[in-house]
Each structure stands twice: as structure tokens, then as C-alpha cells.
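Chemist: below are the sequence and a predicted model; questions follow.
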Amino acid sequence: MSRDALVVGINLYQPGGLQQLRSPANDAEAIAQRLEQYGHFRVWRLPEFLDPFDHNAHRIAQNQTVTATQLEEALVRLFKPEGEHIPETALFYFSGHGLRKNRGIQEGFLATSEVNPDTDQWGLSLQWLRRLLQASSVRQQIVWLDCCYSGELLNFEEADPGDRGKGRDRCFIAASREFEVAYAEAGGPHSVLTEALIRALDPTERPNGVVTNFTITEFLESHLRTATQSPLFANSGGKIMLTGRPQVPDRVVAEEKCPYKALNYFDCNDEDPKYFFGRTALTDALIEKVRTGDFLAVVGASGSGKSSVVRAGLMHQLKSSSRLSGSNQWSIHLFQPGVHPLQSLTNAFLTAEASTVDQAAQLQKLTHLISAGSTGLGHLVDATPHRLVLVIDQFEECFTQCRDEAERQEFFACLLGALERSDHKLCLVLTLRADFLGKCLEQDYSGLAKQIQDHLVPVTPMTREELEQAIVEPAKQVGLEIEPDLVSQMIIDVQGAPGSLPLLQYTLTELWQHRAVNWLTFAAYTNLGGVRGTLQQSAEALYAALNAQEQDVAKHIFLELTQLGDGDGVADTRRQVPKREFISTQQSAAMVEAVLLRLLEARLLVTTELIEKNQAARHVEVIDVAHEALIRYWPRLHGWIEENRVALRKKHELEAAAGVWLENGKATELAYLLQGSKLSEARAFIQEHGDRLPLSSTAIAFIHISRVQERQRQRMRWSIILAFPTLIILFLGVFGLQQQTSKQRIQQTIQGLFLSDDPATVAQALPLSFTAAQQLERNPTNENIDLALSYYRRIMVVTSRLAKQPPNPLNSPFSQAHAQAESGMAALINRYRMGELKNDLEHPQFGKPIPNAKFTLFEKAFTHGALQTTYKILMLNFGAGADLNRDGQLSEDEAQLMPCETLKEIETLWQAQKSNCSWDDTTCIEMPIDKTQKLSSQSLATAIFDPAGVEYAIDRIKACHPIKNKTAASSVNPSLNSSNGHQSS
């Protein structure tokens, strides 16, 4: 909380104007020191000098002038600062001359050093100051004027700052009425008013050690009742904390340490347990259950404090061994199930302090053990010298996030099986939302249901005394005071609202942010909106501060982080989402990052790191809603969810299927892809909801691959149907088999290569297929070369698929046939197609980019030249024909159709003309990067292939061990430019 003060004391006035004064500088300095010493104000002095006799301390200057312009600028800086830094509290103190101008209307002024009524110079207008206060956004405004006629500021007949201003709490004090003069204390160093203010600001004279705007005006009224002048004061709004008594060493206010947790749980660490109060009885009950048993289910409503009592209560006490002898020697592992409970269980045993390399080695061993189920987990338990406690927080994630029923059952069997064989050495502790209790009991789940029934401890609502402890005791640890009325009201607001503890903690955190010196006040609580209103107001304020595009991103983020309930008594909950999944075609990485940062700073979201499944200790950042309370109590978010519930459920289904596909290596097998009606539904979702509910990049790629494979299968079916008559005639013509071979055998051969998935049938058809391709080469017309290339291409596709099938005696011949077909294709391309590329490069004619070209028409993306020819050789039927489905994009399987020798030869030819040009050298090609046609250097691979396909192309090139320059080419393969084909490397 920022507290700024401007303290002005003017002794010096110009000759011929007003008389010099002796006390204002002393008055102002005394006030400044009080505010700094006891009020934690940041004080600006005017006029100011650095005292060389006091370590260059800032002091009010005795013999310097202050102009009206200087004072005006200082006041604007105080009450209407530029930028985002607006103080919570702003105080202005002035000591000097005051003037009253009476020319038709009466007007009061603060006299600055240059004033001279004879020349119509009056200083700073109090009416102007009133208008400044009205326009100020500062919530707590304090103005103390120790000068003549200062009551003009409180002359509300013309304007009332309390009604028109933006400030909420005000304290105005004037030394005299608008028609009175003010007096200095006879024989004293200070004026009458300032002397009283100095005394009133001393918190050591107060019983509770706190000075507020109300106590200071009470003091002035009682002590200046018989004074020679009549000070005026006006308090409006709530209480303003001015100064506080210094705390004893163990009660020092930790300015940067908030003892409350907002929407987060109290964790088991070095700090949180210090501030965890109100659950002593429940913690003791949990410790006793763990001492005497091997299983504990802590069940309660969302927001009842399950995670906090298990982490900061039970786990902390076990680790400290303060309540159970010897428990500090136990091994305690904590985790949340997440999407893959078995992986989360594995990760729980990793050593956090280990290096990445060591973690990878640990992960490999642990994965092997956990994959053995209860036996493997049992070995881990046996290897632990003392008792092992597994704490599974938010156990409901087994149902909300894990969608694989088989993995869920395996997880339960692993835990319960190990528990059964552990002989009291293993203890399972889980926290569970009450609305998921039925899910756990609807099946036996390897004995889980009975264990929960027999060892359930409910988390009941806190009593009034426990709530008071949870509110007051954390504050005491950092020297904070809480008004008794505030404590009473918060207890009333929370007691009748089950699951409100997160709201209570969030409100207390906001009160700490708005604290006055070392007090949490009832006025601030009211302004924030109480327990129910604080979270809503904070979320709304943050949302309103975003621009329209950022608001769309925020909406997308919150919807992504919501796990929909099943409509059968299970409420919506939160879900963890990898940070990368928020990026889509509609939302850039930079925009998502900026909005996430705002939401994290506001404590509405939290971020953690998890280890990805099937990854060697690869950490991934995940985002989560800080608590389900945000989903329940923020009306805007609740409205978004209801508005999009049906579409959101479909979105999550698609992304879950995409996740399975990703975990299986982006498989192209039909079992992992969308087909038929499901693919149609996915395409319809993108068309109807894609802009409003953008799918993750993984889901988009998943649907794209599914569409590609579907189109490929359709084309293959039609091409076979249409090609049958031609192929039969071709075979008869090539071999002159009208007399020697029956039509039936020819048809069987064609079917074996193009239609059958039976390895034996294909193996029988391969020899004749190679013979057909070789016969076509003997009469090398363009048509025959195209057809021969198509034979080799088809052989490569079919044999590649069959070679991946489970081992059988026929697999090895398929691999050999694939290599032979690749070699034959490379030889044909080198002999009959590569000449066009050589000609383009030797002239040289590289081709120019055509604006706004699409990858689906890549051969038309450049004018005629080497780039276009390179693309034709690799992607079209002119050459390798890797783009099987003609969508302009290269898939992982399609990349394998590009012959290694062809890739090497292309790179050699390019390097002969451009020495620095290679598949992966980023200075090879100048390409436009935007509509302005601004050029950017790119590699040959980036220039040729679509963005997603570049990765697959580079992987293929690396697998081929490509050459890097022409010299290397000659040494590696002297006959690379010969007309003979070569076996792939």
C-alpha cells in the first residue's frame, strides 16, 4: 500500500509583499518526521535541502522560496500522478501565509513566496485545490492547512469534494475559518494547530498505539477548545490509519509478507505452516488415524480446506515430529493424479534436487518399477528404511482428468495391492471432494471403496472459534491488527456459507493489500465488497482492464481450465492445461503470455511444472485455476461456461483424443485417428466454434492428419477402381502376355500390389511389379517413366506399411523390396528428371516468389526456376511424388518416400551454384516473410516444404546422412552423378 505526503513550510516571502515568518519551516519538518517515523509515509518536502550535518538528510529549507507554479506541480504529482502509480493515501500539509481575496466574490489562497496583493499575485487558489481533489483517483485524501483563511477549503457552499470527488475517505483540517487569521504559539517553536497535530500524531500516547483521522480530530477538538483560534475539520468516508506505534521485535510488521493465501492452499513448506490456524483438532485427529492405520481418506466439500489441513497440518506435523515420535524419519511423497495417475505416482519418487541427467536416470528406473504394478511399488516400499506415506491430493482427478478407464483401474490396483502386502510400512492418505465420493464407491476398485468407507474422516465447517483463529492468528505473526468489528462480520459472512474458506482467504489477502499502516479495517472490507464480493470485484476489475483482444484470450483461458461436471451431482471443477495448449491460430504466443502474466499476478491462476508422460524427465509448464471457488463465485465465468457447455464438452473430447494420438507418436494407424462421422463432427466443430473456442495446436494437427489419411484412402480406392482397365491392358502390352499369361493371373498380380493387405499376396506380386517397372524403362517415354515411378512409389508405400507389422518371416523381404524400389526411383529421377534442375541452376534461374501463394499450389508459388523444379522432383508425380494426397503438406510417412540419393544430389547441385546453400543452412534462399514482400534468409528445406513438414523433411535428411558440400559429395560417393541408381543409406 503506497502512502505519499507533500509537506510545505514557507518562511520566506518577497520584500514588499508579505512579512517573513519563522515557524512554518519548523512546523513542516516536525510533521514530516512524525509521518516518516510512525506513519510509513513517503514524504516530499518543499522547499527542501540536504543537511550536510545529518548525513545529507532531507529537510525543510528555512530560507528558500516556493512559487505558485512549484506548489501547483507538486500537488498535481501528489493527487493526480502520471502513470499507473496512484497512492492509496495522499496527505498535503501546508504552513505559511494564507490570503483572502474579496472582489465581488470571496476566495482563499495559499500564499507562495512571490505573492503581492498590490500586483494581483495571490498564490495558489483553494478553489483550484478543491477541484483537484474532486478529480483525484486517490482513495484516501488528507489535507491539513495551517494558515489564515484556510477554512475556505471547507466552504462547501460552492462545491463539495465529498460528493463530487473520486476519493472515498477524507480528512480535512484547517487552522481557521475562512474569515479568520491563524496564530503561532507565543514563545513556542510551532503554531497552535501544528503543535496540537504533532502531539496527536504520536501513537505512543494512544492506548492501542494507533492514530486515525477520527482520533486526531477528537484530540484537536478537546485540546483546542479554549484556543485563540477555531480550527475546522471534516472527516468523510471510512477510517484512515495515520500513524502506529512501533512494534516490539517479535511483532514487527513484515511489509512484504502476507500471512494469507488468497485462493491457494497452505502448503507443507518452511513458511505456510507458520500462518495456518483453526484446524488444530482436525490435524490431531488425522495424525492419530495415520499412527494407528494404513489408510486415510480426508473427504470434504470444495473449499472446506482439505488440501491445507493435510499439507500444512498433517504433513508438517509428521515431518517435524512434534506430535508423533519418530515420524520425522518417515518418507513422505505428495502428488496429484492428473491426466496420467501412474506417471504422477512415478514422478512423486523423483529427487527434486537431482540434476536433469540424474532425474532422467531415476525416471527410467522408476517407470520400470511402477509398470510392474503393485509388485514394483512394493519394492519401492521395501527399499525405504522407515515408513512410507503416499499423500494423494485432489484424488477426484482420477475421474475428472484421467479419461483412460484401464489406466485408472491399474492405478487403483497398484496402490491397494502394494498396501495389502506392505505390513503397515505403507500408508495411503488421500483428499477427496465430497461430490466424488459416490464415484469411488460405485465399484470395488481393488478394495478402494471399502478402504474409504472404513477410514473416512470428514472435513466439517469450522466453528466460530476456529474461524476467529484463522483470521486473527496469522495477522499476529506479522504484527497486523484487525478491527474487532471486522472479525465479527467476516465470521458472520462465512459461517452460513459452506466451502467459503478460499473466499475468506482471498478477502483477507486483499485486505492485506489495502492495509492502513498495520491495521486491517472494516471500512476496507466494505469497500472491497465483503467475502462474497471481493473475488468477484477483483476478477471483474482485471477483466475490464484488458483490451478486447486480451479479453477474448482471458475467456479462452478460463474456459480451457474448466473441467465440466457429468451432470449427475458432480459440479464443474478445474483442470490443468499445458501452457503451450493455449496458443492457437487466433491467439499468438505473445498475447497469451501477456494475459497469463496478468492473471497469475492477480492470483487467479497458478502455474506448476510436471514431467510429461513418455518423456525422459522433460518438464512442462501447466496452468491451473487457483481454486474452484473462482468457477463457482464469478458470475461472468459461470455464464461463459453455461453458454458454451455443449461445445466445450465436444472440444475437450477432441483434445483428449488428440492427446492419446500425441502420446502414441502421432500415429497414422486408423485406431488412433478420427474416421467417418467422428471426423465430420470435428470438422463441423471447427466451422461452428473454431473462432470462439479455438482448438489446441495438437488437436488441429490431429484433425488435419485424420483428414489427410481419410482423403488418401478415398483417392486410393478410386484410383485403383479407375486404373484397373488401363493396368490390365498395360500388362498385356508390356509382356506380350495375350498368348502366354491368363487375364486372371494378371489381375491377381495387380490386386496383390494395389489392393491386398495380406503379406503373402503382396510378396507374390512384388517380382512382377519390379519387372513391369524395368520393362517401362526400356521404352523411356515421359508416360512410361511416370508410370515406372508410380510403381516404385506404390511398392515403397506398401512395403513400408507391411514392414512395420508384428515380426513374421516375410518382413525382411519387404524391407529389402523397399530399399530396391527407393534405389530404382532415385536412378530414374537422376537420369530423366534431374537434368531440368541442373539447367535451371546453371543459367542460373532460381525463380521468384509469387505473393500470397498457398502450399496446396506450391508448384505455382514461384515463377519457373530451380525452386519450383526442386519441389516437383520431391513432392509431385514428376519425381518422388512424396505428397501422396496432394495437400501441399509433408507428413512424417510421406517424407520417407523421398529417396536419400535424390536428396543428396539436389543439395549437391544447389551447392555448385551457391556454396553456402544446403537443406538446413538458413542463409540459402531469400524469401518474403509478409505481405510487404520484405525478404528473409531461409534454408532450402524451409523454402521448399510447408512449416509443419520442414521438421519431417529435416529428420529424413538427417537419417540419410546428407553431404554438406560438393567436395564432400565426391569423397563420399564419387559416382553420385552417374546414371545408375544407388541403395539408400
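Modeler: Yes, it's here.

Chemist: so which residue is smack in the middle of the protein?
Modeler: L596 (4.3 Å; Cα atoms, centre = their mean).

Chemist: confirm for me that that residue is in contact with R580.
Modeler: No: with contact defined as Cβ atoms under 8 Å, L596 does not count as touching R580 (11.5 Å). The C-beta positions use only the backbone N, C-alpha and C, and glycine is treated the same way.

Chemist: residue contacts, the nearest residue to F266 once chain neighbours are set aside?
Modeler: Excluding its sequence neighbours, the residue lying closest to F266 (Cβ to Cβ, 6 or more residues apart in numbering) is A312, at 3.6 Å. By Cβ atoms under 8 Å, 6 or more residues apart in numbering, the contact list for A312 reads 265-268, 272-273, 276.

Chemist: Throw those residues into a markdown table and include pLDDT, distance to K365 and neighbour count, thanks.
Modeler: Shown next, in a markdown table, are those (pLDDT from 0 to 100; distance: Cβ to Cβ, whole Å; neighbours: other Cβ atoms under 10 Å):
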| residue | pLDDT | distance to K365 | neighbour count |
| --- | --- | --- | --- |
| Y265 | 92 | 31 | 25 |
| F266 | 95 | 33 | 26 |
| D267 | 95 | 28 | 18 |
| C268 | 94 | 26 | 23 |
| D272 | 94 | 32 | 18 |
| P273 | 94 | 33 | 20 |
| F276 | 95 | 36 | 26 |
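
Chemist: the strand or helix carrying the residue nearest to the centre of the chain - what's its average pLDDT?
Modeler: Using DSSP states H and E, the element containing L596 is helix 589-601. Per-residue pLDDT over helix 589-601 has a mean of 86.

Chemist: dihedrals phi and psi, the closest residue to N56 other than its chain neighbours?
Modeler: Among residues not flanking N56 along the chain, L50 sits closest, at 4.3 Å (Cβ to Cβ, 6+ apart). Torsion angles at L50 (phi, psi; degrees, to the nearest 10) stand at phi -100, psi 120.

Chemist: quick one on the thing from earlier: nearest to R45, of the contacts of A312?
Modeler: D272 (41.7 Å; Cβ to Cβ).

Chemist: ok, residues contacting stretch 458-478?
Modeler: 251-254, 257, 259-260, 274-279, 281-282, 298-301, 304-306, 309, 434, 481-482, 487, 490-491, 494-495, 498, 501, 504, 508, 520.

Chemist: these, buried ones only, as a PyMOL selection?
Modeler: Applying 16 or more other Cβ atoms under 10 Å to the contacts of stretch 458-478 leaves a buried subset, and the PyMOL line that selects it is:
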select buried, resi 253+259+260+274+275+276+277+278+279+282+298+299+300+301+304+305+306+309+434+481+482+487+490+491+494+501+504+508+520
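
Chemist: so which of the contacts of stretch 458-478 are in helices?
Modeler: If you go by DSSP state H, those have 281-282, 306, 487, 490-491, 494-495, 501, 504, 508 in helices.

Chemist: what about the residue nearest to F266, distance to P273?
Modeler: 5 Å (Cβ to Cβ, to the nearest Å).

Chemist: all the strands of the stretch 51-200 of the chain, residue numbers only.
Modeler: For the stretch 51-200 of the chain, applying DSSP state E, counting those that start in this stretch gives strands covering 57-60, 89-95, 98-103, 105-110, 124-125, 140-146, 169-174.

Chemist: same check, this time on the stretch 701-850 of the chain
Modeler: Under DSSP E, counting those that start in this stretch, the stretch 701-850 of the chain gives no strands.

Chemist: just the stretch 201-350 of the chain next, same as before
Modeler: 210-212, 232-236, 241-244, 295-300, 331-335.

Chemist: what do you get for the stretch 851-985 of the chain?
Modeler: 925-928, 935-938.

Chemist: next: the stretch 401-550 of the chain.
Modeler: 426-433, 456-458, 481-482, 519-520.

Chemist: for S800, which of those strands is the nearest?
Modeler: That would be strand 426-433 among the strands of the stretch 401-550 of the chain, by Cβ to Cβ, at 47.6 Å.

Chemist: out of the strands of the stretch 401-550 of the chain, nearest to E905?
Modeler: Checked against Cβ to Cβ, the stretch from the strands of the stretch 401-550 of the chain lying closest is strand 426-433, at 62.4 Å.

Chemist: contacting residues around that closest one?
Modeler: So strand 426-433 is contacted by 286, 290, 293-302, 306-307, 310, 314, 381, 387-396, 415, 418-419, 440, 451-452, 573 (Cβ under 8 Å, 6+ apart).

Chemist: and stretch 688-707, by the same measure?
Modeler: So stretch 688-707 is contacted by 556, 559, 580-587, 644, 647-648, 650-651, 654-655, 657-659, 661-662, 666, 668, 673-675, 679, 682-683, 685-686, 889, 891, 948 (Cβ under 8 Å, 6+ apart).

Chemist: circling back: which residues does the residue nearest to the centre of the chain contact?
Modeler: 557, 579, 582, 605, 607, 623.

Chemist: right, and the second one touches T607 too?
Modeler: The reference is to K579. Yes: with contact defined as Cβ under 8 Å, K579 counts as touching T607 (7.4 Å).

Chemist: which residues are in contact with each of those two?
Modeler: In contact with both K579 and T607: 596, 621-623, using Cβ under 8 Å, 6+ apart.

Chemist: circling back: what sits in contact with each of A312 and P273?
Modeler: Shared contacts of A312 and P273, counting by Cβ under 8 Å, 6+ apart, come down to F266.

Chemist: from I370, how far out is H379?
Modeler: 10 Å.

Chemist: between these two, which one's more packed in?
Modeler: Higher neighbour count among H379 and I370: I370, with 23 against 13, using other Cβ atoms under 10 Å.

Chemist: just checking, the more buried one touches G378?
Modeler: No: I370 is beyond contact range of G378, at 10.9 Å (criterion: Cβ under 8 Å).

Chemist: now I198: closest residue in space, sequence neighbours ignored.
Modeler: A30 is the one closest to I198 (Cβ to Cβ, 6+ apart), at 5.2 Å.

Chemist: what helix or strand does the one you found sit in?
Modeler: Judged by DSSP H and E, A30 forms part of helix 24-39.

Chemist: list the buried residues for that helix?
Modeler: 24-36, 38-39.

Chemist: got the angle for it vs strand 140-146?
Modeler: 150 degrees (axes from the mean of the first three to the mean of the last three Cα atoms, to 10 degrees).

Chemist: so what's the closest residue to Q820 other than its chain neighbours up against?
Modeler: Nearest residue to Q820, sequence neighbours excluded (Cβ to Cβ, 6+ apart): F770, at 7.0 Å. Residues counted as contacts of F770 (Cβ under 8 Å, 6+ apart) are 791, 795, 817, 820-821, 824.

Chemist: who wins for neighbours among the residues you listed?
Modeler: Most surrounded of the contacts of F770: other Cβ under 10 Å gives A821, at 27 neighbours.

Chemist: circling back to that earlier point, strands paired with the next helix or strand after the helix holding A30, and their directions?
Modeler: The C-terminal neighbour of helix 24-39 among helices and strands, as given by DSSP H and E, is strand 42-46. Under the criterion DSSP bridges, strand 42-46 sits next to strand 3-9 (parallel) in its sheet.

Chemist: got a list of contacts for the strand it pairs with?
Modeler: Residues contacting strand 3-9 (Cβ under 8 Å, 6+ apart): 24-29, 31-32, 35, 39-46, 60, 66, 71, 74-75, 77-78, 87-96.

Chemist: now do that strand and strand 89-95, the angle between them.
Modeler: 10 degrees.

Chemist: so for strand 3-9, what's the average pLDDT?
Modeler: The model assigns strand 3-9 a mean pLDDT of 96.

Chemist: quick one: distance of that strand to the chain centre.
Modeler: 41 Å (Cα atoms, centre = their mean, to the nearest Å).

Chemist: that strand vs strand 105-110, what angle?
Modeler: 100 degrees.

Chemist: using PDB, list the CA coordinates for strand 3-9.
Modeler: Only the C-alpha atoms of strand 3-9 are listed here, as PDB (Å, rounded to 0.1, in the frame of the first residue of the first chain):
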ATOM      1  CA  ARG A   3       1.300   6.300   1.200                       C
ATOM      2  CA  ASP A   4       2.600   9.700  -0.100                       C
ATOM      3  CA  ALA A   5       2.800  13.100   1.600                       C
ATOM      4  CA  LEU A   6       3.700  16.600   0.500                       C
ATOM      5  CA  VAL A   7       4.800  18.800   3.400                       C
ATOM      6  CA  VAL A   8       5.200  22.500   2.700                       C
ATOM      7  CA  GLY A   9       6.600  25.200   5.100                       C
END
